[in-house]
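> Show me how the following folds:
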Amino acid sequence: SSSSSSSSSSSSSSSTAASASANVEAMSSLNSRIAERLLPRVSRESAARYESDEMEREDLRPYFTLDGALGGMFDLSRKLFGIEAIEAAEEGEEGETKRGWHDDVRLFRVRDEDTGDLIGSFYLDPYRRPSKENADVVLPLLSRRSKYRSKPAMCMSINVAPPMWDTDPAYLTFDDVRGLFRTYGKVLRRLLDRDESCRLYGAQTMREDDDDDDDFVGKLMERFLYEEDILSAFAVHARTGRPLTRDQINDERELTVARRRIDLCRHVFRSELELTIHSEFLPPFERSLVSVQKDTAARYIPHETLGRGDISPLLDIFETDIVRGREGGGGGGMGGGTSCHRHVWSEMTSADAFSAFQEAGDLGDRDEMRRVGMSFRKSVLEGNGDGNGGGDGAEEERYAKFRGRGATTEALFRDLGWI
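Below is the predicted model of the structure:
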């Protein structure tokens, strides 16, 4: 019996090791394919221009009010996924149920458009404050529990400038709008998920370098922003009443593509660095961690120069490992992909998902958009209550149900102008 148990354990370990090795090879192959297409189109000059263009474009601010952007965002999620987000005050609710922790906080109920059934709720905390974290953050407040008839509730915290005067609306930059759509996508993923086995790990943030960036739903929502019919519906100049022009929308699209190229370079670099550390950097050590970082940077971000003594990429990897280990994620294991690789995967998958809508025909065709959107809602967002809520490969399995296959790089390459 002891021999049988030992044999079974050994077989399981070998299978796990083989699976991990296959995952590493697949991730590294994806990094190489992207770098092969990416690097010839990125130079030191384009990277420097990207850094200068990081400044917020104030000339577009009069086109975007917070309420206008919220209206456009909610209208999009209604058209695609058949859900309505309604502010609690508009539903005639009174009392403590809609009160937040600050006067600026607003409560929204998310309901199924057809049945009116409550799906969940979220608090929106929109404005910057001295005591508030300077990041777009999603915090889980309540989880879904059928046994207790509990509906999920979230906090959606963003950081836009408050109105200058009480009688003025809050104006947003285009980057603010992008962040709003991305964060709302993350809220939808949490609210609509029917799986009840997921644990809530506390703060789920949306910083650029978080491992929680495996959530591609927000990136999918953002991609619709560059469609003229969608953006011009709410992007209207406060004084002239004129919508954004096609040229202005194209300018923003081109700037976003340039940013994505540079960001993707950086994430592919960090993904490959993380893979190398976790899969190859084993005793006896023949080279230092710093030399591993230097060699990987030379291959994947030759247009950038890490300062002497700059080991921030290494520190980010180890800090993420500590957090994931503390939250039960098993550290930097290879099962579901490294944290940086998850960002690469989410960029690829959001582009592939958006192409599903494009393939269905004109994005102005409401019936076709609803058909594809409802398929996405049931397969990816809800998961059909399959219990596949957070394990390794869960996102990929749900996505394969939606597309009938896994995500490919073709749509991403086309999106970035490489096809």
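
> For this structure, which helix or strand comes out least confident on mean pLDDT?
Every helix and strand of the chain was ranked by mean pLDDT, DSSP states H and E. The lowest is strand 204-205, at a mean of 40.

> immediately after that one, which helix or strand?
Next helix or strand after strand 204-205 toward the C-terminus (DSSP states H and E): helix 217-223.

> other SSEs contacting that next one?
helix 66-81, helix 174-192, helix 339-359 (3 or more CB pairs under 8 Å, 6 or more residues apart in numbering; DSSP states H and E). C-beta coordinates here come from the backbone N, C-alpha and C atoms, glycine included.

> closest to residue 228 out of those?
helix 66-81 (12.6 Å; CB to CB).

> Tell me how far the next helix or strand along the chain from the closest one lies from the chain's centre.
Under the assignment DSSP H and E, the closest C-terminal helix or strand after helix 66-81 is strand 83-87. Relative to the mean C-alpha coordinate of its chain, strand 83-87 is positioned 21 Å out (CA atoms, centre = their mean, to the nearest Å).

> What of stretch 296-313?
25 Å.

> Equivalent analysis for stretch 270-278, please.
That offset, for stretch 270-278, works out to 21 Å (CA atoms, centre = their mean).

> Could I get the buried residue list for it?
270, 271, 272, 273, 274, 275, 276, 277, 278 (16 or more other CB atoms under 10 Å).

> got it, and stretch 302-315?
For stretch 302-315, by 16+ other CB under 10 Å, it's 306, 313, 314.

> hang on, the earlier thing: mind checking which of the buried residues of stretch 270-278 are in strands?
Judged by DSSP state E, the buried residues of stretch 270-278 include no members of strands.

> Can you tell me which of those lies closest to residue 44?
Using CB to CB, the buried residues of stretch 270-278 come closest to residue 44 at residue 270, 19.3 Å.

> where does the closest one land on pLDDT?
Listed pLDDT for residue 270 reads 90.

> My understanding was that it contacts residue 344; is that so?
No - counting by CB atoms under 8 Å, residue 344 is not a contact partner of residue 270; they are 9.2 Å apart.

> Residue ranges in the stretch 151-300 of the chain under the pLDDT threshold?
196-214, 282-285 (pLDDT under 70).

> which residues of the stretch 1-150 of the chain fall in helices?
2-38, 44-52, 66-81 (DSSP state H, counting those that start in this stretch).

> ok, back up a step: would you list the helices and strands packed on helix 217-223 in a markdown table and tack on distance to residue 264?
Formatted as a markdown table, the helices and strands packed on helix 217-223 follow (distance: least, CB to CB, whole Å):
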| stretch | distance to residue 264 |
| --- | --- |
| helix 66-81 | 25 |
| helix 174-192 | 16 |
| helix 339-359 | 6 |
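
> Just tell me which of the ones you listed ends up closest to residue 230.
helix 66-81 (6.2 Å).

> got the contact list for the strand of greatest length in the chain?
Ordering each strand of the chain by length in residues (DSSP E) puts strand 118-127 first. For strand 118-127, the external contacting residues (CB atoms under 8 Å, 6 or more residues apart in numbering) are 66, 83, 88, 100-102, 104-112, 132, 141, 144, 151-162, 170, 187, 190-192.

> again, only this time at 7 Å
66, 83, 100, 102, 104-112, 151-158, 160, 162, 170, 187, 191-192 (CB atoms under 7 Å, 6 or more residues apart in numbering).

> what do you get for stretch 348-356?
Contacts of stretch 348-356 (CB under 7 Å, 6+ apart): 216, 219-220, 223, 372, 376, 399, 403, 407-409, 411-412, 415.

> Could I have the CA atoms of it written out in PDB?
Extracted as PDB, the C-alpha positions of stretch 348-356 are listed here (Å, rounded to 0.1, in the frame of the first residue of the first chain):
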ATOM      1  CA  MET A 348      -4.200  39.400 -26.700                       C
ATOM      2  CA  THR A 349      -7.600  38.100 -25.500                       C
ATOM      3  CA  SER A 350      -9.400  41.400 -25.400                       C
ATOM      4  CA  ALA A 351      -8.300  42.100 -29.000                       C
ATOM      5  CA  ASP A 352      -9.500  38.600 -30.000                       C
ATOM      6  CA  ALA A 353     -12.800  39.100 -28.200                       C
ATOM      7  CA  PHE A 354     -13.400  42.500 -29.800                       C
ATOM      8  CA  SER A 355     -12.800  40.900 -33.200                       C
ATOM      9  CA  ALA A 356     -15.700  38.500 -32.500                       C
END
